[in-house]
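Asks: Pasting a predicted model and its sequence here:
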Amino acid sequence: MAKILKKKNLSGNSEFRIPNSEFKHPVLFVGAGPGDPELITVKGQSALKAADMVIYAGSLVPEGLLQWTRPGTAVLSSAAMDLETIIKEIESAHLNGKRVVRLHTGDPSLYGAIFEQMVELQKRGIPYKVIPGVTAAFAAAAALGLEYTLPEVSQTLILTRMAGRTPVPQKENLADLAEHQASMAIYLSMSMVDDVAGILAGAYGKNAACAVVYRASQPEEKVIVTTLNKLAEQVEAEKITKHALIIVGKVLDVKPENLKHKSKLYDSEFKHGCRP
């Protein structure tokens with residue numbers, strides 16, 4: 001008789017059953033990182049090396065990430081697939097005992113549309129796990145030599161997007177978030193850069209520093225540092241329409257010559273458990 005294992009569902013309130021799960025490998029949702037094949041985690045790289053089938057976000061994940069797969073691994077791009085097709089491919093491979101990797105750009109928890117996939121796998125009793133990745137906001141900070149959370153300048157980072165074909169909750173509209181004047185990395189909004197610049201200028205000021213990082217960590221990477229009143233013009237000049245982040249915040253104004261506040265962590269006068 002097949003062994004039945006129990007596992008809490010996504011809400012944690014009830015249980016579902018995974019038939020024969022001891023004979024089948026869990027589907028792995030893997031964060032590919034921002035694009036540089038070496039910025040995938042070691043765990044993610046190991047998952048790709050062991051995979052029998054990889055379904056990758058072909059419009060976003062560079063094919064260079066596939067170098068970690070074995071010869072003969074089935075590789076499918078999900079760029080033209082809908083949810084039903086993706087799940088059918090995963091289910092078929094899983095039921096045949098294959099190791100399946102669903103490869104998402106950056107970190108899959110951020111704009112990765114993985115929850116709806118998890119729900120469908122749960123309905124079918126297919127186990128899964130998530131391996132996190134490096135999101136583009138952190139690769140962009142690395143390219144800029146930027147710290148998002150400078151003492152007494154900003155201690156908050158907002159990751160968000162403009163409302164477009166995919167709406168955002170009313171209380172999360174960009175104008176309201178910008179009022180905090182926190183460090184902010186704005187995803188999936190390059191096609192509306194004029195609107196973004198105008199909204200941000202209303203909160204941070206039209207002469208506030210901002211940056212755009214295109215394809216962070218990849219060979220085609222471009223970094224633009226400018227001000228909000230020139231943002232749209234410079235983005236248009238560089239012909240950047242997607243695959244880029246807009247970054248704004250007071251931390252961009254801090255230069256080595258005007259750094260006033262340093263962390264207490266390394267302050268010789270600040271005592272803590274490791275430095276009495």
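Replies: Yep, it's here.

Asks: Domains in the chain, by residue range?
Replies: Annotated domains of the chain cover 4-131, 136-258 [automatic domain parsing].

Asks: Could you give the number of residues near residue 258?
Replies: Applying other C-beta atoms under 10 Å, we find 7 residues neighbouring residue 258. (Glycine included, C-beta is placed from N, CA and C.)

Asks: Residue 104 too?
Replies: 27.

Asks: Quick check: the spatially closest residue to it that is not a sequence neighbour vs residue 32, distance?
Replies: Excluding its sequence neighbours, the residue lying closest to residue 104 (C-beta to C-beta, 6 or more residues apart in numbering) is residue 112, at 4.6 Å. Relative to residue 32, residue 112 is positioned 10 Å away (C-beta to C-beta, to the nearest Å).

Asks: what do those two both touch?
Replies: Each of 104-106 lies in contact with both residue 112 and residue 32 under the rule C-beta atoms under 8 Å, 6 or more residues apart in numbering.

Asks: partners of the one helix or strand residue 211 maps to, with directions?
Replies: In this structure, residue 211 is located in strand 209-214 according to DSSP states H and E. Counting by DSSP bridges, the strands paired with strand 209-214 are strand 222-227 (antiparallel), strand 244-248 (antiparallel).

Asks: Buried residues in the following helix or strand past the first one, which are they?
Replies: To tie it back to what came earlier, the one meant is strand 222-227. Later in the chain than strand 222-227, the nearest helix or strand by DSSP H and E is helix 231-237. For helix 231-237, burial by neighbour count (16 or more other C-beta atoms under 10 Å) applies to 231-232, 234-235.

Asks: ok, which pair from the residues you listed is furthest apart?
Replies: Maximum pairwise distance in the buried residues of helix 231-237, criterion C-beta to C-beta, is 7.5 Å, between 232 and 234.

Asks: I'd like to know how many residues surround the residue lying closest to residue 56 once chain neighbours are set aside.
Replies: Excluding the flanking residues, the one nearest residue 56 by C-beta to C-beta, 6+ apart is residue 103, at 3.9 Å. For residue 103, the tally of surrounding residues (other C-beta under 10 Å) stands at 31.

Asks: and residue 103, what does it touch?
Replies: 30, 32, 48, 54-57, 61, 65.

Asks: where does it land in three-state SS?
Replies: At residue 103, secondary structure determined by DSSP: H, G, I helix; E, B strand; the rest coil is strand.

Asks: How much space separates it from residue 58?
Replies: 10 Å.

Asks: who's in contact with the strand or helix carrying residue 139?
Replies: According to DSSP H and E, residue 139 maps onto helix 136-144. Applying C-beta under 8 Å, 6+ apart, the external contacts of helix 136-144 come out as 33-36, 39, 105-106, 146-148, 157, 159, 185, 187, 211, 213, 216-217, 221, 223, 225, 245, 247, 252.

Asks: Of these, just the buried ones, ChimeraX syntax please.
Replies: Remark: buried members of these, expressed as a ChimeraX selection using 16+ other C-beta under 10 Å:
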select :33,34,35,36,39,105,106,146,148,157,185,187,211,213,216,217,221,245,247,252
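
Asks: Work out the gap between the helix holding residue 139 and the centre of the chain.
Replies: Relative to the centre of its chain, helix 136-144 is centred 12 Å away, using C-alpha atoms, centre = their mean, to the nearest Å.

Asks: Which helix or strand lies directly C-terminal to that helix?
Replies: Note on helix 136-144: by DSSP H and E, the next helix or strand toward the C-terminus is strand 157-161.

Asks: was I right about residue 97 contacting residue 53?
Replies: No: counting by C-beta atoms under 8 Å, residue 97 sits too far from residue 53 to count as a contact (11.1 Å).

Asks: The two: who's more crowded?
Replies: The residue with more neighbours, out of residue 97 and residue 53, is residue 53; 21 against 11, by other C-beta under 10 Å.

Asks: Next up, the contacts around that one.
Replies: Taking C-beta under 8 Å, 6+ apart, one finds 73-76, 89, 93, 98-101 in contact with residue 53.

Asks: Quick check: phi and psi at it.
Replies: Residue 53 has phi and psi values of phi -140, psi 140 when expressed as degrees, to the nearest 10.
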